[in-house]
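Q: Here is a sequence together with a model predicted from it:
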Amino acid sequence: MARIVLVHGAFAGAWCWEPALAGLRAAGHTVEAIDLPGAGADTTPVAEVTLEAYGEQICQVLSAGPPAVLAGQSMGGMAITQGAARCPEQVVALVYIGAFAPAEGQSLGELVSYPEAADDQVQANLVVEGDPPVGSLPPAAAVHAMLNCCTEEQAAWAVERLGAQPIAPFAGVIEVQDGAREAFEALPRAYILCGRDHSIPPAMQRRMLTERHCHPVLEIETDHWPWLSRTDEFLAAMAAIVSTVA
């Protein structure tokens, strides 16, 4: 059994993991879903929301317990990587769930510029406003981009809870803490590939998981939120991964 810390993607918060929490806990795991700065119930001002702030908050959470399996979805893949780069001794393994899987020095902005990411429907429909800028997705675009395999009821549950996403973290690059590089690079990395994902196209997911040497890799034929649209398959994939890496 493992400690699992779940990190959401853009527009979401800890709330998004609700459909999977009972199943993960029933398997005997200790599970925590967290709000990143400026998301969910977290009140960090937009001007203070950065990729580095994400990493700091993740390390604070990790420090409160034993080393954890750190799982992130979508932009949460950037966040968990930055967290692990700061405090790798608190991480058992990284699990990317239809997520960006960056290398040191990479940003989300760089990754979405790759040709394999050209059909990213989040970037295609993102509405950016304000100063500091925040991004949002119109409801129909959110369903198309992230929830395209969900039932109408599932999609409605998610869409009514989605929030704005500060843009600054998209430009942040992964920075490895001094003295942490060897431990960070040695961390096991696993991937749950979403085969009908309109946000991070499957070809882009395959490129990243190959470059990051992820193992195991498990594929679910579904959208960007597999724990909502294919809950049982997601739980089975997480069980297989945790049993391998932890």
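A: Here it is on my side, so go on. Residues are numbered from 1 along each chain as shown.

Q: rest of the way, CA atoms for contacts and neighbours
A: Noted.

Q: quick one: the helices in the protein?
A: 18-26, 51-62, 76-86, 108-111, 121-125, 139-146, 152-159, 168-171, 181-186, 202-211, 226-229, 231-245 (DSSP state H).

Q: Point out the most buried one among the ones you listed.
A: Among the helices of the chain, ranked by average contacts under mean count of other CA atoms under 10 Å, first place goes to helix 76-86 (a mean of 29).

Q: about what we covered before: redo the helices of the chain as JSON lines? Include distance to residue 93 and mean pLDDT.
A: Formatted as JSON lines, the helices of the chain follow (distance: least, CA to CA, whole Å; pLDDT from 0 to 100):
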{"stretch": "helix 18-26", "distance to residue 93": "17", "mean pLDDT": "98"}
{"stretch": "helix 51-62", "distance to residue 93": "12", "mean pLDDT": "98"}
{"stretch": "helix 76-86", "distance to residue 93": "9", "mean pLDDT": "98"}
{"stretch": "helix 108-111", "distance to residue 93": "21", "mean pLDDT": "98"}
{"stretch": "helix 121-125", "distance to residue 93": "27", "mean pLDDT": "97"}
{"stretch": "helix 139-146", "distance to residue 93": "25", "mean pLDDT": "98"}
{"stretch": "helix 152-159", "distance to residue 93": "28", "mean pLDDT": "98"}
{"stretch": "helix 168-171", "distance to residue 93": "23", "mean pLDDT": "98"}
{"stretch": "helix 181-186", "distance to residue 93": "9", "mean pLDDT": "97"}
{"stretch": "helix 202-211", "distance to residue 93": "14", "mean pLDDT": "98"}
{"stretch": "helix 226-229", "distance to residue 93": "19", "mean pLDDT": "98"}
{"stretch": "helix 231-245", "distance to residue 93": "6", "mean pLDDT": "98"}
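
Q: and residue 114, what does it touch?
A: The contact partners of residue 114, by CA atoms under 8 Å, 6 or more residues apart in numbering, come to residue 204.

Q: pLDDT score assigned to it?
A: pLDDT recorded at residue 114 is 98.

Q: Next up, the contacts around the residue nearest to residue 76 when sequence neighbours are not counted.
A: In space, and not counting its chain neighbours, residue 76 is closest to residue 9: 4.5 Å by CA to CA, 6 or more residues apart in numbering. Contacts for residue 9 were tallied using CA under 8 Å, 6+ apart; they are 72, 73, 74, 75, 76, 77.

Q: Rebuild the helices of the chain as CSV, extending it with distance to residue 101.
A: As requested, the helices of the chain are exported to CSV (distance: least, CA to CA, whole Å):
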stretch, distance to residue 101
helix 18-26, 22
helix 51-62, 14
helix 76-86, 6
helix 108-111, 9
helix 121-125, 17
helix 139-146, 18
helix 152-159, 24
helix 168-171, 13
helix 181-186, 13
helix 202-211, 6
helix 226-229, 17
helix 231-245, 16
